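Enquirer: Quick one, structure for this:
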Amino acid sequence: MATTKSKVLVVGGTGYMGRRIVKASLAAGHPTYVLQRPAPEIGLDIEKLQMLFSFKKQGAHLVEGSFSDFHSLVDAVKLVDVVICTMSGTHIRSHNIMLQLKLVEAIKEAGNVKRFLPSEFGMDVARMGNALEPGRVPFDDKMKVRKAIEDANIPFTYVCGIGFAAYHAGNLCQMGTLVPPRDKVLMYGDGDRKVILMDEDDIATYAIKTIDDPRTFNKTLHLRPLECIVSQRQLVEIWESLVGKKLEKVTLSKEDFLVSMKDMDYANQVGAGHFHDMYYEGCLTNFEIGENEEEASKLYPEVKYTRMHEFLNIYV
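Expert: Numbers count the residues shown, from 1 in each chain. The predicted structure follows:
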């Protein structure tokens, strides 16, 4: 292990995962830099500006840079050893895919980065070639980023293999809500497909662990802590135990789920496709970790990650 903490640049630091990565990097003692867009691009987004200033108060360095000014991006990258991209993948096809490819070019141009973590932190895109359309689209796009990274010989770690607990566990895997039902729950098939759901802060903690670890160099890190591997049925049972009552369970077959997608708009079809792949196909757990891959909880047993009963307890 390295004795000197790497300097880290977080791109997308005010985003959903970005703010957690910044927090985890600072907590681990890394000199942490956050890319800040110049004033004209920030505009009147007061919440993001205040978040940036809060990072600064916590010890982070704000570095001005813009994707519309390639040289500023290269200059920002030259300040650090590690770059972590956390830009949202929600609209990656229309916009963020191009930005992330531009970031790869900046890292290549700078020539000093010893590790790059691209914006993933979800399903393993390399295993999603048979994903349901149009949910497959963002996976294909992220594979373009991986190809660009590897073609440029940029050292990398891909952190993936989970579902965000706030989007899947907190609602008992229900679409269209972020809080758990208290009377009736929709079950996907028999509800027994295993998924991996993790507190987003824990994902960030594991990600930061990798950046100075030679064991994760040019590898994929899968997040599979034992007590985060659950089925929907087990998740419902945990919730029932916490609230002291049984929920009515309504079964939704795979066929009926697919029919229900036809009336959705494109964005909702993408999200529903991911639910299909997770809860009907078991895409998070239906494979063994292979060559050039590692499992986080085995590498870092010291991490005290959030168990699903602990996570759900905040909703009681």
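Enquirer: switch to C-alpha atoms for all contacts and neighbour counts from now on
Expert: Fine.
Enquirer: buried residues in stretch 182-197?
Expert: Going by neighbour count (16 or more other Cα atoms under 10 Å), the buried part of stretch 182-197 is Val185, Leu186, Met187, Tyr188, Gly189, Gly191, Asp192, Arg193, Lys194, Val195, Ile196, Leu197.
Enquirer: Look at that stretch and report the distance between its end residues.
Expert: Distance between the two ends of stretch 182-197: 20 Å, counting by Cα to Cα, to the nearest Å.
Enquirer: One more: stretch 174-184?
Expert: 11 Å.
Enquirer: hmm, who's touching that stretch?
Expert: 166-168, 170-172, 185-186, 246-250, 272, 315 (Cα atoms under 8 Å, 6 or more residues apart in numbering).
Enquirer: and it, how far from the chain's centre?
Expert: Distance of stretch 174-184 from its chain centroid, counting by Cα atoms, centre = their mean, to the nearest Å, is 22 Å.
Enquirer: For that stretch, buried residues please.
Expert: In stretch 174-184, counting by 16+ other Cα under 10 Å, buried: Gln174, Val179, Pro180, Pro181.
Enquirer: quick one: the second one and Ala165, what's the gap?
Expert: Relative to Ala165, Val179 is positioned 11 Å away (criterion: Cα to Cα).
Enquirer: again with the first one
Expert: Spatial separation of Gln174 from Ala165 under the definition Cα to Cα is 12 Å.
Enquirer: again, but for Ile229
Expert: Ile229 sits 11 Å away from Ala165, going by Cα to Cα.
Enquirer: hey, what's in contact with both of these two?
Expert: Common neighbours of Ile229 and Ala165 (criterion: Cα under 8 Å, 6+ apart): Leu197.
Enquirer: Next up, the contacts around Arg307.
Expert: Arg307 neighbours (Cα under 8 Å, 6+ apart): Glu227, Cys228.
Enquirer: Quick check: pLDDT value at it.
Expert: With respect to pLDDT, Arg307 scores 98.
Enquirer: Was I right to think Pro155 contacts Asn218?
Expert: Yes: taking Cα atoms under 8 Å as the definition, Pro155 is a contact partner of Asn218 at 5.7 Å.
Enquirer: Output the lowest mean pLDDT helix or strand found in this protein.
Expert: Ranked by mean pLDDT, DSSP states H and E, the helix or strand of the chain with the weakest confidence is helix 39-42, at a mean of 85.
Enquirer: Pull that helix out as PDB, backbone CA atoms only.
Expert: The C-alpha trace of helix 39-42 is given here as PDB (Å, rounded to 0.1, in the frame of the first residue of the first chain):
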ATOM      1  CA  ALA A  39     -19.200  31.500 -13.100                       C
ATOM      2  CA  PRO A  40     -21.100  31.900 -16.400                       C
ATOM      3  CA  GLU A  41     -21.800  28.100 -16.400                       C
ATOM      4  CA  ILE A  42     -22.900  27.900 -12.800                       C
END
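Enquirer: quick one: contacts of the next helix or strand along the chain from that helix?
Expert: Following helix 39-42 in sequence order, the next helix or strand is helix 46-57 (DSSP states H and E). Applying Cα under 8 Å, 6+ apart, the external contacts of helix 46-57 come out as Thr14, Val22, Val34, Gln36, Ile42, His61, Leu62.
Enquirer: And helix 46-57, what's buried?
Expert: For helix 46-57, by 16+ other Cα under 10 Å, it's Leu49, Leu52, Phe55.
Enquirer: likewise stretch 292-306?
Expert: Of all the residues in stretch 292-306, those buried under the rule 16+ other Cα under 10 Å are Glu293, Glu294, Glu295, Ala296, Ser297, Leu299, Tyr305, Thr306.
Enquirer: wait, doesn't the fifth one sit right on Pro225?
Expert: Yes: in terms of Cα under 8 Å, Ser297 counts as a neighbour of Pro225; the distance is 5.3 Å.
Enquirer: residue ranges of the strands in the chain, please?
Expert: Using DSSP state E, the strands of the chain run over 8-11, 32-36, 61-64, 82-85, 115-117, 157-160, 163-164, 184-188, 194-198, 219-222, 229-231, 248-252, 293-295.
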